[in-house]
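> With the input below, show me the fold.
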Amino acid sequence: MIRTDTELKTTFERIDTFRRQVTELRRKETNPKNYRLAASGYLTEIDRMNLEVREYLSFLPSQLEPASSR
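Numbering: from 1, shown residues only. As a prediction, the model looks like this:
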């Protein structure tokens, strides 16, 4: 779960890294089955992280519980 803007930035960076990896796989892999197998883990992780981003951004900072109290 994302708790701070710093964690949000890190998550965006990870999403971008995974997106670049999938883009590179699409460019290099010629076998559709191999591509789907190789990309599926990255795409699943991108989806999971995007859900965390959406959850974090759906609240105002004042509504979030401080990380130190968890």
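> Buried residues of the host helix or strand of Glu7, list them for me.
Per DSSP states H and E: Glu7 is located in helix 5-28. Of all the residues in helix 5-28, those buried under the rule 16 or more other C-beta atoms under 10 Å are Thr11, Ile15, Phe18, Val22. In short, each C-beta sits where N, CA and C put it, glycine included.
> Check the average confidence over that helix, would you?
For helix 5-28, mean pLDDT rounds to 98.
> do stretch 59-66 as well
Averaging pLDDT along stretch 59-66 gives 82.
> Give me the contacts around it.
Arg3, Tyr56 (C-beta atoms under 8 Å, 6 or more residues apart in numbering).
> Report the central residue of this protein.
For the chain, the residue nearest the mean C-alpha position is Met49 (3.1 Å; C-alpha atoms, centre = their mean).
> ok, that residue - contacts?
Residues near Met49 by C-beta under 8 Å, 6+ apart: Thr11, Arg14, Ile15, Phe18.
> quick one: buried residues of the strand or helix carrying Asn50?
Using DSSP H and E, Asn50 maps to helix 32-57. The neighbour-count check on helix 32-57 (16+ other C-beta under 10 Å) flags Ala38, Ala39, Tyr42, Ile46, Met49, Val53, Tyr56 as buried.
> Thank you kindly, that will do.
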